[in-house]
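Undergrad: Fold the following, please.
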Amino acid sequence: MLRLGRIVAGAMVLLFLGGAGASSAGEMDDCTSGTGESAVRACTTLIGSNTLRGMDLALALSSRALAYVRTGQARKALADYTEAIRLQPDNALNYRGRANAYFRLREFGPVFADIDDALRLDPSDAEAYFIRAVTYRMQRKYDRAVADYSHMIRLDRDHASAYLGRCISYYNMREFENAVADCTRSIALRPSHPGGYGARGTAYYFNGDYDRALADYEKALEIKPDYRQASTSIGAVYNRQGEPERALARLNRIITRHRDWWRAYSHRGDAYNLMGDYGRALADLNQAIENQPGYVHSYTRRGFAYMRTGEFDLAITDYTHAVESDPGLAEAYGGRAEVYVLTGELRRAFADIQKASELDPDYARRADEILALMTGAQSATVKPGETQPQPLAANLGRRVALVIGNSVYEHAPRLRNPERDARAVAEALRAVGFADVTLKLDLGRDALIDALITFSDAAATAEWAVIYYAGHGIELGGANYLVPVDAELKRDAHVRFQAVHLDDVLGAMSGAKTLKLAILDACRDNPFANTMEVAGTRSLGRGLGLVEPDAGTLVAYAARDGQLAQDGDGDHSPYVTALLEHMTTTGLEINLLFRRVRDTVARLTQRAQEPYVYGSLPAQELYFAPAAQ
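TA: Okay, here's the model as predicted:
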């Protein structure tokens, strides 16, 4: 939970500095020092008196905003903080307070902007780092959370919540020793708080140290007997120890007391899975997801139940949702791999189990088993005198892809197909054996840059790096840009700040050894053309413009430079319809593949659209799905 005491202290400092103006000191004190609704009423009376000006009015507004936040009215707080910032633009506390209100509303984008302003005005504001760290942790950006928690700890070495937050971030990064050390420090600073024991217990749990996990959960319950998360976690430990009946007994008691506690339903569903009672498991997991659709483990557990009951399509749907929600969750890839084994889709199974084993080495043995299954299945088809084919994924080297679909634009009409197109392309890439396929949807500029940075690290260790993008793209003054969903583009000068240059996209793939391929279904009509102010010396093109990539790089346009690509009336754009048809065709060399894509699109659009590929490749033949040799 975010600490807000320093906001109050800061407000009192402003009181002493600014005075109370026409109001009495007592009235201002009721506003700034009151609690809950009483503070709201006192501040509202002061603000409504029309006697406050400047700093005094800003103080009353920020104090009422804080009271709104404390009483669960964060939406109302935003207007007060915004007006206080207008009156006092150099007050870091107001920016931090508004960031906290946005955080409470789970509107994370504005949090970062306000914290940046707060730290610009006061680089030593430890609480600002804390708010941003918690926001990063909520977004599962654990490395960034760790960096901000560490910065805060350097400013305030006795902040127990900072150590606790960094502990949670570390165990999600599987850095268990660091997690235990930080939780232990948090416990030393605040021994009467159950959260430190609960989090350290979870670090032990994830590391397989169940006895220590149980000891910490029990200690948390000694401090707070109704601490339902610790009690539920004990049930989770029993499941992992192979004692689902014992887990069931505990979780039944918890659910009796807390009918809406989604985590207990999820772990009880897991217990029923272990006992083979899949009907009850599905009932509990459906309830868990209804109560808390954001808890990704409920989907992996329900996926397992569906798999066991032969509902393979539903299992794939749940595991895929888990993968897309948390790309670092090994059990989601591992579970989906098992479904693919059961449906005979061994190439997809192997791609998923490879990813699972990268995230968690415990899956490596299962990867070897699935590889053996692939080899055996191929051996059964070999005729006398023929050479035994080799598993495709084993021959191709590591291949990685970043797939982006931008449909929901904030300042332009929604596009029908990019989300569906991106999901279908991601699935096709997995089907042909790509080891790591990251799917991202509706990215703003900051999120798009973050995705490219992360992907550049993956590309540095890969043979192939592929980026697929569906959404808006523009050409301005001879330069090409991808348009994030939050771009406004009122003037041409804004483009380089609000859009992403194609060179940056290509640069994210530069570390790949054999092939760097950008597939851009982004040549749609520019929705900003009629409203953007363009300087007389600059040109605004139709679609994307000519590109000349470096050797070893291909850039595939859905429509050649200067043309417009169609979004299509069906489930996919004409370009993606053709791409999906030919990408999974075995034995189709990449140059021939894109020529066939061109011909198919020409047929689908009555030759109104001509895809084009720019760049050159080395002499070796390259295949998305090579024929068995």
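Undergrad: Following the chain past the least confident helix or strand in the chain by mean pLDDT, name the next helix or strand.
TA: The weakest-scoring helix or strand in the chain, judged by mean pLDDT, DSSP states H and E, is helix 5-18 (a mean of 40). Sequence order places helix 25-33 as the next helix or strand after helix 5-18, per DSSP states H and E.
Undergrad: Could you give the average pLDDT over that next one?
TA: The average pLDDT within helix 25-33 is 79.
Undergrad: got it, and stretch 407-423?
TA: Mean pLDDT, computed over stretch 407-423, is 86.
Undergrad: for stretch 435-447, how far is the first residue from the last?
TA: 23 Å (CA to CA, to the nearest Å).
Undergrad: for stretch 287-303, same thing?
TA: 14 Å.
Undergrad: So what's the gap between it and the chain middle?
TA: Counting by CA atoms, centre = their mean, to the nearest Å, stretch 287-303 is centred 17 Å from the centre of its parent chain.
Undergrad: how about that stretch: buried residues?
TA: 287-289, 291, 295-303 (16 or more other CB atoms under 10 Å). In this view, the C-beta of every residue, glycine as well, is placed from N, C-alpha and C.
Undergrad: what do you get for stretch 187-198?
TA: Neighbour counts using 16+ other CB under 10 Å place 187, 189-190, 193-198 of stretch 187-198 among the buried residues.
Undergrad: With stretch 319-328 instead?
TA: Neighbour-count burial for stretch 319-328, with 16+ other CB under 10 Å as criterion, is recorded at 319-324, 326-328.
Undergrad: okay, it in CSV with CA atoms only?
TA: C-alpha atoms of stretch 319-328 as CSV (Å, rounded to 0.1, in the frame of the first residue of the first chain):
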residue,chain,number,x,y,z
TYR,A,319,-3.1,-21.3,-22.2
THR,A,320,-2.7,-18.7,-25.0
HIS,A,321,-4.4,-16.1,-22.9
ALA,A,322,-2.0,-16.8,-20.1
VAL,A,323,1.0,-16.6,-22.5
GLU,A,324,-0.2,-13.3,-23.8
SER,A,325,-0.9,-11.9,-20.4
ASP,A,326,2.4,-13.0,-18.9
PRO,A,327,5.1,-13.9,-21.5
GLY,A,328,7.4,-15.0,-18.7
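Undergrad: Off-centre distance for that stretch?
TA: That offset, for stretch 319-328, works out to 10 Å (CA atoms, centre = their mean).
Undergrad: Stretch 266-282 now?
TA: 28 Å.
Undergrad: Now do it: distance from first to last residue.
TA: Termini of stretch 266-282 sit 10 Å apart (CA to CA).
Undergrad: Columns distance to residue 267 on top of the buried residues of stretch 319-328, output as a markdown table?
TA: Shown next, in a markdown table, are these (distance: CB to CB, whole Å):
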| residue | distance to residue 267 |
| --- | --- |
| 319 | 19 |
| 320 | 23 |
| 321 | 19 |
| 322 | 16 |
| 323 | 21 |
| 324 | 23 |
| 326 | 18 |
| 327 | 23 |
| 328 | 21 |
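Undergrad: The closest residue to residue 242 other than its chain neighbours: what's it in contact with?
TA: Distance criterion CB to CB, 6 or more residues apart in numbering; nearest residue to residue 242, sequence neighbours excluded, is residue 274 at 7.5 Å. Residue 274 sits next to 239, 242, 244 when contact means CB atoms under 8 Å, 6 or more residues apart in numbering.
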